[in-house]
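Participant: coords please:
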Amino acid sequence: MNVIWKPHPKQAEFMSRNEYEVLYGGAAGGGKSDAIIVEALRQVDNPNYRALILRKTYPQCRELIIKSLRIYQSAYPDAEYNGSEHYWKFPSGAKIYFGSMPNQLSYLSYQGLSYSYIAFDELTHFTLEEYEYMISRNRADGEGLRVYIRATANPGGIGHGWVKERFITSSPPNVPYTVKSEVVDKNGKKITLERQRIFIPSSVFDNEALLANDPGYLANLAMLPDSQKKALLYGDWDSYEGQVFTEFKNNPDGYKSKLNTHVIEPFTIPRTWRRYRTFDFGYSRPFAVQWWAIDYDGRAYLYRQLYGGTNTPNQGLRWEPRQIAKKIREIEDELEVGNNITGIADPSIWDESRGKDGTVIRMFEEEGVFFEKGKNDRLSGKMQCHYRFAFDDEGRPMAYVFNNCRAFLRTIPALIYDTINVEDVNTACEDHDYDAMRYFFMANPIAPQKPKPIHTQKEFDPLDR
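Facilitator: Below you'll find the predicted structure:
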């Protein structure tokens with residue numbers, strides 16, 4: 001038998017899944033691209049079949065196209081590749097397209113089109129908006145077609161946060177997660193619908209053929225910087241290239257001791273500690289309200305938050321300013337009685353062009369919620385975050401977060417650097433808790449910790465001759 005391509009066990013597991021959405025990979029070298037390229041062939045004998053394989057940019061598609069030239073041409077000698085339109089046409093009339101989304105609104109170029117099979121290679125390079133829009137393009141244009149979505153990914157990238165939320169934290173690896181939704185038909189009848197998704201992890205250790213053909217590849221991954229090594233060799237979704245706050249640690253072993261962690265168990269904040277409320281405004285995107293306290297040593301504690309987001313990452317509740325203000329007032333009337341709180345807010349709420357009945361700050365003040373204007377020096381604010389997150393010799397940072405502040409703990413570790421303003425956080429990330437934190441730290445700046453002295457040899461004694 002002339003075997004053109006044979007899956008290794010993890011690839012075979014990925015390709016055998018029946019769930020609607022399947023994410024494969026999580027580390028380098030698992031054979032991710034091969035798997036989605038070959039999976040696309042499953043229905044090419046159906047003349048109504050249309051498939052789409054996506055990378056973020058067209059130059060990134062070239063590797064996929066090269067793989068397809070090797071595999072598709074061998075499996076289907078009569079198939080033809082159209083180099084100008086970037087698609088394969090098979091004897092049945094079925095087509096497999098290669099596409100990209102290089103710009104913010106590129107996904108609109110697929111409006112009106114439909115594909116039974118859609119695959120994203122390196123899903124973390126895409127935004128949630130792009131991914132969800134393409135779900136609307138995933139449908140059958142004829143009988144006998146299976147409709148589904150497949151994706152591969154390594155940790156990191158602009159989509160790291162939402163991909164992790166959708167596939168990694170929602171359910172353990174290899175365990176399906178069921179998503180239920182409800183619609184109302186034209187007769188007013190409620191219909192409950194279900195879809196399933198699953199994450200199938202893989203790594204270079206699963207790819208024996210690669211290790212045999214290139215024994216040095218494992219050494220290449222092993223010699224990477226620590227964060228890249230954890231992500232690409234071991235598939236660690238808490239450590240990846242481009243991560244802004246690599247020093248931030250959520251270490252459950254330190255919750256009680258407060259050592260070598262930024263996340264701790266809640267406790268009652270003493271009344272004598274200084275208290276602050278910080279605010280980053282959002283409407284279509286989430287708003288973030290944080291309550292901080294500072295102890296006698298200058299350490300900060302995030303002890304409560306109100307996050308205006310839906311279950312969809314980076315989607316706001318669309319609350320009007322007065323509704324946000326009333327909720328803040330409600331929380332403080334119940335939980336902050338007698339406490340003096342200093343408010344610090346997003347400077348944009350003083351913008352006179354925002355709001356139908358005056359500035360946002362005016363609406364807040366009319367509801368009895370007051371703020372001072374926060375400092376919006378982005379790079380200085382980011383450095384203050386680094387200073388606060390740094391550990392001293394004993395393993396204590398200058399900022400702690402209560403472990404019930406879930407939105408903060410979800411979004412802060414997922415922040416990545418901007419590809420153009422390389423010292424700044426990428427503002428396309430879900431950065432609302434970050435901005436609120438930044439305003440607070442800028443109002444209470446600290447100096448960086450002194451580096452530990454390093455003695456590499458005995459100090460010179462002029463009397464020791």
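
Participant: mind listing the strands for the stretch 1-150 of the chain?
Facilitator: 21-25, 50-55, 80-82, 87-89, 95-100, 117-120, 148-153 (DSSP state E, counting those that start in this stretch).

Participant: format these as CSV; extra columns: mean pLDDT, distance to residue 246 and mean neighbour count.
Facilitator: (Each C-beta comes from the backbone N, C-alpha and C, glycine too.) Shown next, in CSV, are those (pLDDT from 0 to 100; distance: least, C-beta to C-beta, whole Å; neighbours: other C-beta atoms under 10 Å):
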stretch, mean pLDDT, distance to residue 246, mean neighbour count
strand 21-25, 97, 22, 26
strand 50-55, 98, 27, 24
strand 80-82, 97, 43, 13
strand 87-89, 98, 41, 19
strand 95-100, 98, 30, 20
strand 117-120, 98, 26, 26
strand 148-153, 98, 20, 24
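
Participant: any chance of the ones you listed in a markdown table, plus distance to residue 211?
Facilitator: Shown next, in a markdown table, are the strands of the stretch 1-150 of the chain (distance: least, C-beta to C-beta, whole Å):
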| stretch | distance to residue 211 |
| --- | --- |
| strand 21-25 | 17 |
| strand 50-55 | 25 |
| strand 80-82 | 31 |
| strand 87-89 | 30 |
| strand 95-100 | 28 |
| strand 117-120 | 25 |
| strand 148-153 | 19 |
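
Participant: for residue 198, which of those strands is the nearest?
Facilitator: strand 21-25 (5.5 Å; C-beta to C-beta).

Participant: got the contact list for that closest one?
Facilitator: 14, 30, 32, 35-36, 123, 148-154, 163, 167, 195-202, 235 (C-beta atoms under 8 Å, 6 or more residues apart in numbering).

Participant: among the residues you listed, name the ones in helices.
Facilitator: Mapping the contacts of strand 21-25 onto helices (DSSP state H) picks out 14, 32, 35, 36, 163.

Participant: closest to residue 304 out of those residues?
Facilitator: Residue 304 has its nearest neighbour among the ones in helices among the contacts of strand 21-25 in residue 163, at 28.4 Å by C-beta to C-beta.

Participant: neighbours of that closest one, how many?
Facilitator: 28 (other C-beta atoms under 10 Å).

Participant: okay but it is in contact with residue 125, surely?
Facilitator: No - the criterion here is C-beta atoms under 8 Å, and residue 163 misses it with residue 125 at 9.8 Å.

Participant: residue closest to the middle of the protein?
Facilitator: residue 161 (1.2 Å; C-alpha atoms, centre = their mean).

Participant: from residue 330, how far out is it?
Facilitator: Distance, residue 161 to residue 330, by C-beta to C-beta, to the nearest Å: 29 Å.

Participant: one more: residue 361?
Facilitator: Taking C-beta to C-beta as the measure, residue 361 falls 19 Å from residue 330.

Participant: ok, those two, which is more surrounded?
Facilitator: Using other C-beta under 10 Å as the criterion, residue 361 and residue 330 rank with residue 361 on top: 27 against 11.

Participant: where does the chain dip in pLDDT?
Facilitator: Under the criterion pLDDT under 70, the flagged ranges of the chain are 354-357, 451-465.

Participant: let's see 80
Facilitator: Scanning the chain for pLDDT under 80 picks out 1, 353-358, 450-465.

Participant: how many neighbours does the nearest residue to residue 102 once chain neighbours are set aside have?
Facilitator: Distance criterion C-beta to C-beta, 6 or more residues apart in numbering; nearest residue to residue 102, sequence neighbours excluded, is residue 57 at 4.8 Å. Using other C-beta under 10 Å, residue 57 is surrounded by 13 other residues.

Participant: next up, phi/psi of residue 57, please.
Facilitator: Main-chain dihedrals, residue 57, degrees, to the nearest 10: phi -120, psi 160.

Participant: so which residues of the stretch 251-400 of the chain form helices?
Facilitator: 321-335, 360-366, 378-389 (DSSP state H, counting those that start in this stretch).

Participant: quick check: which of those is buried the most?
Facilitator: Among these, the stretch with the highest mean neighbour count (mean count of other C-beta atoms under 10 Å) is helix 360-366, at a mean of 20.

Participant: so where's the longest strand in the chain?
Facilitator: The longest strand of the chain (DSSP state E) is strand 190-201.

Participant: give me the buried positions along that one.
Facilitator: For strand 190-201, a neighbour-count test (16 or more other C-beta atoms under 10 Å) marks 197, 198, 199, 200, 201 as buried.

Participant: in CSV: the residues you listed, plus distance to residue 439.
Facilitator: Converted to CSV, the buried residues of strand 190-201 look like this (distance: C-beta to C-beta, whole Å):
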residue, distance to residue 439
197, 36
198, 40
199, 36
200, 41
201, 38
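
Participant: pick the one among those closest to residue 179.
Facilitator: Distances from residue 179 to these, taken by C-beta to C-beta, are shortest for residue 197, at 6.8 Å.

Participant: residue contacts, the closest one?
Facilitator: Contacts of residue 197 (C-beta under 8 Å, 6+ apart): 19, 20, 21, 22, 23, 166, 167, 170, 176, 177, 179.

Participant: which non-adjacent residue is nearest residue 203?
Facilitator: The nearest residue in space to residue 203 (C-beta to C-beta, 6+ apart) is residue 27, at 3.8 Å.

Participant: ugh, typo on my part, it should be residue 439
Facilitator: residue 374 (3.3 Å).
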